[in-house]
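> predicted model, plus sequence, below.
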Amino acid sequence: MVTNYSYKYFIVHLPSDHPYVAHVEINRPDKMNAFFEAMWLEMAQVFNALSHDPSVRAIVLSGAGEKAFTAGLDVHAASQGELSSGSEDIDGARKAAHLRRHIGTFQDSITAIERCEKPVISAVHGFALGLAIDISAATDIRVCAQDTRFSVKEVDIGLAADIGTLSRLPKIVGNNGWVKEVALTAKIFGAEEAKSVGFVNSVYDNKEATVKAALELAKLIAGKSPVAVQGTKEILNWSRDHSVQDGLRYTSVWNSAALQTKDVSAALLSGIQKRKPTFEKL
């Protein structure tokens, strides 16, 4: 069982008053939590570790400091790295192959959040630009503070968003026209607009209230059967990307194993006895 999480750019709390919940903070507040390569690689490590920790059943992700969840990509750092033009002597196809691998690694670091076996709730506040949309779109539930300012920012730096926003955001909100508007213009949109299109579930007065609400929601989820919760996340994500019949088939195969858990009888018995059920670690 993993109990000691120590990272350079992320803080992982295991709050004693929220059993089985992990609170992950992006921790570069002096730079508005802007990301560079070492950070996104470390983020993958964080979520891969939490995914396999039996003492964690739900996760909250927030940004340290008062200004930003994350201001996105650290453009200054990126301009000196993979986004720089590089040597003109490098064959174009070989440079493309290198960049493709680099982008794939970046994409996988964000997908680590979606791939995580435990539900992840993003508690967003302040500036949430560019990469912030990629990250929050990979989480399972999103809540935000009233002061949140979102933007699919990539076109402003000469890029098509390539780390997940263009693939996930249309499926979250179900409104291609709105997605194209915000992606093509890079316009800022606020908390209420994000809620109106279904990008966030709820809006709170400030960061403190947002994080508190996210932790309470995570605590509620963590009190359920971990077999049922992890199966539900897996099946929902699978069904999103497949037909109804494919989803039903996958569910039948998944539950043919999962229904053998003792959690079902424990939940039913606790209901009859009118008490709160307890479940073993997974």
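Perfect, I can see it now.
> what's the burial count for residue 236?
Neighbour count for residue 236, taken as other C-beta atoms under 10 Å: 13. For glycine as for every other residue, the C-beta is placed from the backbone atoms N, C-alpha and C.
> the helix or strand that contains it packs against which elements?
Residue 236 belongs to helix 226-240 when assigned by DSSP states H and E. In terms of contacts (3 or more C-beta pairs under 8 Å, 6 or more residues apart in numbering; DSSP states H and E), helix 226-240 is packed against helix 244-258, helix 263-272.
> angle of it against helix 263-272?
110 degrees (axes from the mean of the first three to the mean of the last three C-alpha atoms, to 10 degrees).
> quick one on the thing from earlier: what's the closest of the helices and strands packed on helix 226-240 to residue 166?
Residue 166 lies closest, by C-beta to C-beta, to one member of these: helix 244-258, at 23.2 Å.
> buried sites along that closest one?
247, 251, 258 (16 or more other C-beta atoms under 10 Å).
> what does stretch 104-115 contact?
37, 40-41, 43-44, 47-48, 51, 61, 120, 134-135, 138-140, 162-164, 168, 237 (C-beta atoms under 8 Å, 6 or more residues apart in numbering).
> now residue 270: closest residue in space, sequence neighbours ignored.
Excluding its sequence neighbours, the residue lying closest to residue 270 (C-beta to C-beta, 6 or more residues apart in numbering) is residue 277, at 3.7 Å.
> hang on, residue 12 in a strand?
Yes. Assessed with DSSP: H, G, I helix; E, B strand; the rest coil, residue 12 lies in a strand.
> surely it touches residue 5?
Yes. Assessed by C-beta atoms under 8 Å, residue 12 is found in contact with residue 5 at 3.7 Å.
> common neighbours of these two, please.
22, 46.
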